[in-house]
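Peer 1: Give me a model of this one.
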Amino acid sequence: FVFNWTPSISAGMSTTPPFGWIFACFMVACMGGSSLFALLSQSLSCEKILLYTFLVAAAALSVPIFATSTAYVLTAFLVFEACVGIY
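Peer 2: I've put the predicted structure just below:
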């Protein structure tokens, strides 16, 4: 993911995307995921949280295989980064 997100997002665009803004959004999603973990851990066990997190992360990383829209790919990557934050 670390090396391949830039070509994945650039593939559907005619101009160079704003990589700095996209990376900043990834960091915000990661931080949001860690905040979400704090909320979820009050009502769920860590094992359940990780199980759901891994399933959502796997689903998010499978979206770029089937989607050609840059918006879908970016959204899937943001969901994956939120899962990284939860982990």
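Peer 1: helices and strands of this protein: which one bottoms out on pLDDT?
Peer 2: Within the chain, no helix or strand scores below helix 5-10, which has a mean of 79 by mean pLDDT, DSSP states H and E.
Peer 1: Show me what the next helix or strand after it is packed against.
Peer 2: The C-terminal neighbour of helix 5-10 among helices and strands, as given by DSSP states H and E, is helix 19-40. When contacts are defined as 3 or more C-beta pairs under 8 Å, 6 or more residues apart in numbering; DSSP states H and E, helix 19-40 packs onto helix 70-86. Bear in mind the C-beta positions are built from the backbone N, C-alpha and C, glycine included.
Peer 1: Work out the gap between the helix it packs on and the centre of the chain.
Peer 2: Relative to the mean C-alpha coordinate of its chain, helix 70-86 is positioned 2 Å out (C-alpha atoms, centre = their mean, to the nearest Å).
Peer 1: And for stretch 30-43?
Peer 2: Centroid displacement of stretch 30-43 relative to its chain, using C-alpha atoms, centre = their mean, is 15 Å.
Peer 1: ok, residues contacting that stretch?
Peer 2: Contact partners of stretch 30-43, identified using C-beta atoms under 8 Å, 6 or more residues apart in numbering, comprise 49, 81, 82, 83, 84, 85, 86, 87.
Peer 1: Between these, which sits nearest residue 58?
Peer 2: The closest of the contacts of stretch 30-43 to residue 58 turns out to be residue 83 (C-beta to C-beta; 9.1 Å).
Peer 1: quick one: that closest one and residue 53 touch, right?
Peer 2: Yes: Residue 83 lies in contact with residue 53 (C-beta atoms under 8 Å); the separation is 5.0 Å.
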